[in-house]
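Need a 3D model of the following:
(chains A and B)
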Amino acid sequence: MKSKLQRLTKIGILTFGIIITVTNCSKDELTKDELTEIQKIKNEFSLAYFDNLFVKKNLQINWNDFRLNNSETSPKSTYEFSTRLKANDFIENGGTKLFFKYILEISKIRNNQWDFEVIKFTTEDKESLESISSFSSYDFSGTVTHFNLKGELTEIKGLEKGMEITPKLHNRIFAKGGPTPTDHDPSDSDSGGAGFQWIEVVHYTDWYKVYPDGTQEFTHRVYNYTTWEYIYVPANSNYSTNSPYLNHESNEYFVVDSNNNENVDEEDKVDDSKLTGKAKCIFDKLNESSSNLFKETIGKFIDDPEYNLTLIIGECSRSDDACTDSRNLDSTGEIIIKIEDNNANPLQMAQFILHEAIHAEIHRYVSRFESGVDPDNRARLFQLYDFYNDHFNIGDIQHVYMTERYINPIASALRKLDGFKYPLDYYKAFAWDGLRTWDLSNLLDPSLDSKYEEYRKIVIENTTISCD
Amino acid sequence: MRLKYLVILIFLNLSCNSQKSFQEVIDVYNVVIDKAVKPLPTPPPEPGDNSSMPLRIKDSLRGIKLNIAVSNRLELYDKQSFNVFGYEDYQSAKDNLIANKNRMLMKRNWFNTNLGHTLSIVDLNKIDKKQIFKEYYRLVFLSNIGFNTAKDKAIVIIGLEYGSRLSGAELLYFLDKIDGKWEIKHEKVISIS
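Okay, the predicted model is just below:
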């Protein structure tokens, strides 16, 4: 009897074990399936062609945070992923503050084919966004906008307490830019005065200086770009549309020592600490003289958090003077100016630094432009890039551009450094160094060049810049 | 007797492989030299649209033949000097380039590029650079070529000098072999003076 009981207990434990194992196995299997499916989705998903810079630049998907709607009543399974933003999640205009949140909805059309939708919820009620889902937006009041992966508006709804107020705009593929103005007249009687408004959103970055004691001081605001969008405006609301809505990002740079007035970013955006001797001395003098060219080249790296400029004494592979190393610009944002000849005369040294600083800044500018952030206009530079595209490398094109745009600025910066001793032409021989080969528009007449060379000798002999 | 034939066959095979491998190297060098060394056409008028260079200008540029000096010393790169991030597809080619410590350029019967530029292999220990810049349009420095194991991807670095101050550049090329022909997939400016 006892042994029978023991056997039964053993069988019971074994059966229990098998059940647990089988249950766990099937659960693991499901998770693996989901993981495989999510991996496939991740491989297909991209915002590279999304026609909205804010989304393209700031939207990140939480691939581990999703809901799966796989109900029997629905013909297709749908994933809904939460997202996060690298920027502020609200826009404001006077007294109106609108919060927004994106979710990524992905429906399986058929095996390995997915339909992607980026859905934006915009509302005055921030709390209602916390657990928002397109599966259950029952109490939501605000705008629900659907986009495909090109950023094209595919659907827009105005909701009040989950009720759709503007049915006439529902479920329509709009042309780029959204519905036409006649589609969203706020005085539309069908929607009781509610409607859609086309608003401009201007995106800025506010920069703060952070002192060693932790106090912050607002220093300047940098315009990034402008986007446009539709928002649902409830009846009798006072949403402003006369001026743009603003979206701010904040960024900081750190003051290492507030007494010596030397502002260096935490990550040393401009690192000249490895310069020595004459190069260091001239760099400091250029910094002190604060010429426009110095500010517009080296200075641009102080304002730009994504690019680092390092100046070193080092060997250039193909020059005995100086060079700009941009090999890792795309991956790390790092540009290195190398000064090889640390015994050049002071004005020549200054010219080396300025010439390479121009290269570095153009590299930075073009990289910024390609990432779609800086809308500043250098039409001629891009005209030359397009014209010489498959002919010259980008460094050569920069040289052609420099002959047209930088001779006077270089000469002017050198003249300022030299205490305005001589007229501008006296410094032009230096300015043309490294650019004569690239004077493809014949701006430098040979007889003029000879005259400039005479001036060069005079300037070198009489300069009082001392770095010995 | 059989052994003799076998030795001859092995010799022929080795010789053939060596010839093929040398031709592969020259093919890659020709492609990158033709890309890196260009005549200097006048820029487009300003203001103007952002159009590419007209075909007729391209055609006329193709007619220009240049005299190019190529250093007989190959530039060597180690992990530190070749610190370029990214381009994972070319990793084995990168490793191959770094591992190759060959210093001398083989110069058997290599006189012209595909575009017809004339090449002269020069020894910088015997001829002064100033003299070179008087006689030649550009002085070219080549690295070894890094091939991947399938020999359908390659990387090579080309350096250019053209005299006077601040006149040099170092360019990295990533190439793919497509339908038996080497094509440049990416061009990266490593440094510019």
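
In the stretch 251-400 of chain A, where is pLDDT below threshold?
When the per-residue scores of the stretch 251-400 of chain A are filtered using pLDDT under 70, the ranges that remain are A:251-268, A:372-377.

Repeat the analysis, applying 80 as the threshold.
Low-confidence segments of the stretch 251-400 of chain A, defined by pLDDT under 80: A:251-268, A:303, A:330-331, A:369-377.

Pull up the residues of it that are close to chain B.
Taking C-beta under 8 Å from any C-beta of the partner chain as the contact definition, the stretch 251-400 of chain A meets chain B at A:316-319, A:321-328, A:330-332, A:338, A:348, A:352, A:355-356, A:359, A:379-380, A:382-384, A:386-396, A:398-400. Yep, even glycine has a C-beta here, placed from its N, CA and C like the rest.

can you tell me which of the residues you listed are in helices?
Under the assignment DSSP state H, those contribute A:330-332, A:348, A:352, A:355-356, A:359, A:379-380, A:382-384, A:386-387, A:394-396, A:398-400 to helices.

Filter these down to the buried ones, PyMOL style.
In PyMOL syntax, the buried subset of those is picked out as below (16 or more other C-beta atoms under 10 Å in any protein chain shown):
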select buried, chain A and resi 348+352+355+356+359+380+383+384+386+387+394+395+396+398+399+400
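
Which residues does stretch A:429-437 contact?
When contacts are taken as C-beta atoms under 8 Å, 6 or more residues apart in numbering or on different chains, the neighbours of stretch A:429-437 outside the stretch itself are A:321, A:347-348, A:350-351, A:355, A:399, A:402-403, A:406-408, A:410-411, A:414, A:439, A:444, A:449, A:452-453, A:455-456, A:459, B:40, B:162, B:164-167, B:193.

Relative to the whole chain's centre, how far out is it?
Using C-alpha atoms, centre = their mean, to the nearest Å, we find the averaged C-alpha position of stretch A:429-437 to lie 34 Å away from the chain's own average C-alpha position.

how about that stretch: buried residues?
When neighbours are counted by 16+ other C-beta under 10 Å, the buried residues of stretch A:429-437 are found to be A:429-437.

Nearest to chain B among those residues?
Distances from chain B to the buried residues of stretch A:429-437, taken as C-beta to the nearest C-beta, are shortest for residue A:434 (2.8 Å).

tell me the secondary structure for that closest one?
Secondary structure of residue A:434, reduced to three states by DSSP: H, G, I helix; E, B strand; the rest coil: coil.

next one: phi and psi at it?
phi 80, psi -10 (degrees, to the nearest 10).

Repeat that for residue A:9.
Phi and psi for residue A:9, reported as degrees, to the nearest 10, are phi -60, psi -40.

Can you tell me the SS state at the closest residue to chain B within the stretch 1-150 of chain A?
Closest to chain B within the stretch 1-150 of chain A is residue A:43: 16.0 Å, counting by C-beta to the nearest C-beta. Taken by three-state DSSP, the conformation at residue A:43 corresponds to helix.

Grab the longest strand from chain A for me.
Using DSSP state E to assign secondary structure, the strand with the most residues in chain A is strand A:216-233.

For that one, buried residues please.
Of the residues in strand A:216-233, those buried under the neighbour-count criterion (16+ other C-beta under 10 Å) are A:224-225, A:227, A:229-233.

Report the strands that pair with that strand, each with its relative direction.
Taking DSSP bridges as the criterion, strand A:216-233 sits next to strand A:195-210 (antiparallel) in its sheet.

Flag every buried residue along the strand it pairs with.
Under the neighbour-count criterion of 16+ other C-beta under 10 Å, strand A:195-210 has A:195-197, A:199, A:201-203, A:205, A:207, A:209 buried.

you'd agree residue A:88 is up against residue A:246?
No: with contact taken as C-beta atoms under 8 Å, residue A:88 and residue A:246 are classed as non-touching, separated by 9.6 Å.

and the contacts of stretch A:429-437, which are buried?
A:321, A:347-348, A:350-351, A:355, A:399, A:402-403, A:406-407, A:410-411, A:414, A:439, A:444, A:452, A:455-456, A:459, B:40, B:162, B:165-167, B:193.

so who does the spatially most central residue of chain B touch?
Residue closest to the mean C-alpha point of chain B, counted by C-alpha atoms, centre = their mean, is residue B:29 at 3.1 Å. Residue B:29 is in contact with B:110, B:142, B:145, B:156, counting by C-beta under 8 Å, 6+ apart.

Of these, just the buried ones, PyMOL syntax please.
For selection in PyMOL, the members of those meeting the burial criterion (16+ other C-beta under 10 Å) are listed in this command:
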select buried, chain B and resi 110+142+145+156
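
pLDDT below threshold where in the stretch 101-250 of chain A?
Across the stretch 101-250 of chain A, residues meeting the criterion (pLDDT under 80) sit at A:109-113, A:135-138, A:165-195, A:205-224, A:235-242, A:249-250.

circling back: in helices only, show me the contacts of stretch A:429-437.
Residues from those lying in helices, with DSSP H as the criterion: A:347-348, A:350-351, A:355, A:399, A:402-403, A:407-408, A:410-411, A:414, A:449, A:452-453, A:455-456, A:459.

For the closest residue to chain B within the stretch 101-250 of chain A, list each beta-bridge partner.
Here the stretch 101-250 of chain A gets closest to chain B at one residue, residue A:225, 20.1 Å apart by C-beta to the nearest C-beta. Taking DSSP bridges as the rule, residue A:225 bridges to residue A:203.

wait, isn't it in contact with residue A:205?
No: using C-beta under 8 Å, residue A:225 makes no contact with residue A:205, being 10.5 Å away.

Could you give the separation of stretch A:312-328 from the chain centroid?
Mean-position distance between stretch A:312-328 and its chain equals 28 Å (C-alpha atoms, centre = their mean).

Please apply the same query to stretch B:131-148.
A distance of 8 Å separates the C-alpha centroid of stretch B:131-148 from that of its chain, computed with C-alpha atoms, centre = their mean.

Repeat that for stretch A:153-169.
For stretch A:153-169, the distance to the chain centre is 32 Å (C-alpha atoms, centre = their mean).

can you check stretch B:157-174 too?
Put simply, stretch B:157-174 sits 12 Å off its chain's centre (C-alpha atoms, centre = their mean).

Show me which positions of it end up buried.
Of the residues in stretch B:157-174, those buried under the neighbour-count criterion (16+ other C-beta under 10 Å) are B:157-163, B:165-174.
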